[in-house]
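K.L.:
Quick one: sequence and predicted model below, then my questions.
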Amino acid sequence: MTNKTLVEPLEQTKTIAEKTVYSILFTISLSHLLNDMLQSVIPSIYPLIKTSYNLSFSDIGLVTLTYQLSASLLQPFVGMYTDKRPQPYSLPVGMGFTLTGLACLAYAHGFYSILLAVALIGVGSSIFHPESSRVAHMASGGKRGLAQSIFQLGGNAGSALGPLLAALIVVPFGQSSVMWFSLAALLAIIILIYIGNWYKAFALPKTKTAHAVVTHHKLSPRRVGFSLAILIVLIFSKYFYLASITSYYTFFLMDKFHLSVQSSQLHLFIFLAAVAAGTLLGGPLGDRFGRKYIIWISILGVAPFTMLLPYANLFWTSVLSIFIGVIISSAFSAILVYAQELMPGKVGMIAGLFFGFAFGMGGLGSAILGKLADNTSITYVFHICAFLPLIGILTAFLPNLEVKKKKFA
């Protein structure tokens with residue numbers, strides 16, 4: 001074996017470590033789009049299954065809770081395991097669970113079979129997110145906020161497309177038409193096999209020789225734990241509020257403005273499209289101006305708009321939903337990268353923890369808010385949730401991270 005043969009892989013790895021690999025970032029973002037598009041089919045068909053199976057709002061909340069718990073509880077453990085033992089091909093395996101869940105959902109004949117189907121889709125999500133976030137981190141070339149924003153953009157765009165496609169496909173043709181979405185799952189599996197090949201060829205064999213970029217700070221373990229606790233509380237406020245939108249916004253519009261199912265889902269699409277746009281802004285702005293400031297603006301800054309929403313007419317409800325979507329969605333990439341900088345070397349665990357907690361809070365929020373809606377009204381739920389972003393005041397207690405980046409051979 002020649003010296004040239006030995007040197008070339010190291011040079012290739014160094015290049016990947018130091019440069020942003022946009023082809024991989026956009027490919028993993030596309031797979032995130034497909035993954036979250038498939039998952040967003042679940043809340044999009046709530047009006048359909050509520051009528052077909054005579055479900056209450058509490059039942060709808062339990063469906064969301066089942067999905068979100070299966071999508072959240074496994075994620076930190078998947079992340080911790082793959083931090084130590086990377087699994088390049090776990091991504092297509094996770095999508096296989098999603099494909100199976102979609103097939104079960106299309107032919108479910110009762111409440112409990114629906115719960116089983118959404119649980120399988122949730123397991124697929126719990127495998128997908130930690131490792132795909134790691135792929136974005138590896139391909140970032142140091143632009144971690146930008147990389148996470150591109151990755152998250154795909155997910156949020158998929159979440160926006162799901163209700164639109166459900167309105168066009170599932171509502172007119174019924175529950176069994178969910179099976180058409182399995183074609184997107186098959187496409188995602190093919191894409192994720194390609195990602196797995198890149199991961200295996202350039203990241204896995206060379207982790208011991210690659211030039212890793214490690215972030216250092218001078219915070220004590222106690223301060224790190226306190227800061228992580230604040231970030232978790234901020235995630236709670238963000239995703240508890242988002243649960244009110246993703247699960248019940250269509251019902252709110254139908255109840256208050258007497259819109260049809262399809263019209264209300266188009267308004268949900270507008271909101272989720274705004275979320276996708278805001279996601280793309282948060283990461284790069286955090287890279288440039290500091291993640292703490294973006295977190296501050298995103299969580300606390302959305303409060304005036306959420307408090308106006310329940311009192312607005314239909315036009316201003318749509319306008320306010322756009323502002324809310326853009327502002328509140330800019331936080332997650334900044335929060336995730338900030339947390340990864342707090343705990344360097346724990347990329348998968350942090351991604352799994354925060355994605356998992358976000359899903360868990362969404363599920364818990366949906367269940368609690370569904371019960372509250374049954375006992376009061378959907379409009380009352382939106383009045384109460386409007387105050388959640390005020391929790392963003394806790395951002396003031398986060399430290400300003402002054403980090404130093406060191407390269408280790």
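P.N.:
Received the coordinates, thanks.

K.L.:
what sits against residue 184?
P.N.:
Residues near residue 184 by CB atoms under 8 Å, 6 or more residues apart in numbering: 34, 37, 38. Where C-beta positions appear, they are placed from N, C-alpha and C, glycine not excepted.

K.L.:
Neighbour-wise, which one of these leads?
P.N.:
Ranked by neighbour count (other CB atoms under 10 Å), those have residue 38 at the top, with 28 neighbours.

K.L.:
From residue 178, how far off is that residue?
P.N.:
Per CB to CB, to the nearest Å, residue 38 is found 9 Å from residue 178.

K.L.:
Next, show the common contact partners of the two.
P.N.:
By CB under 8 Å, 6+ apart, residue 38 and residue 178 have these common neighbours: residue 102.

K.L.:
what mean pLDDT does stretch 37-56 have?
P.N.:
Stretch 37-56 comes out with an average pLDDT of 83.

K.L.:
Assumed residue 259 was part of a helix.
P.N.:
No - applying DSSP: H, G, I helix; E, B strand; the rest coil, one finds residue 259 to be coil, outside a helix.

K.L.:
In this structure it contacts residue 267, no?
P.N.:
Yes - contact criterion CB atoms under 8 Å: residue 259 and residue 267 qualify, at 7.3 Å.

K.L.:
Those two: who's more crowded?
P.N.:
More crowded of residue 259 and residue 267, by other CB under 10 Å: residue 267, with 20 against 17.

K.L.:
And for that one, nearest residue in space, chain neighbours not counted?
P.N.:
Excluding the flanking residues, the one nearest residue 267 by CB to CB, 6 or more residues apart in numbering is residue 253, at 5.6 Å.

K.L.:
Quick check: the gap between residue 63 and residue 116.
P.N.:
Counting by CB to CB - residue 63 and residue 116 are separated by 11 Å.

K.L.:
three-state assignment of residue 55?
P.N.:
Residue 55 is classified as coil under three-state DSSP.

K.L.:
How many residues are close by it?
P.N.:
18.

K.L.:
Could you double-check that it lies in contact with residue 111?
P.N.:
Yes - with contact defined as CB under 8 Å, residue 55 counts as touching residue 111 (6.8 Å).

K.L.:
Name the residues of stretch 161-175 that are buried.
P.N.:
161, 162, 163, 164, 165, 166, 167, 169, 170, 171, 175 (16 or more other CB atoms under 10 Å).

K.L.:
So which of residue 63 and residue 116 has more stuff around it?
P.N.:
Applying other CB under 10 Å to residue 63 and residue 116 shows that residue 63 carries more neighbours, namely 27 against 14.

K.L.:
Helix or strand for the more buried one, just tell me which one.
P.N.:
In the assignment (DSSP states H and E), residue 63 maps to helix 57-72.

K.L.:
now the very next helix or strand once past that helix: mean pLDDT?
P.N.:
Moving toward the C-terminus from helix 57-72, the next helix or strand (DSSP H and E) is helix 75-84. Taken as a whole, helix 75-84 carries a mean pLDDT of 83.
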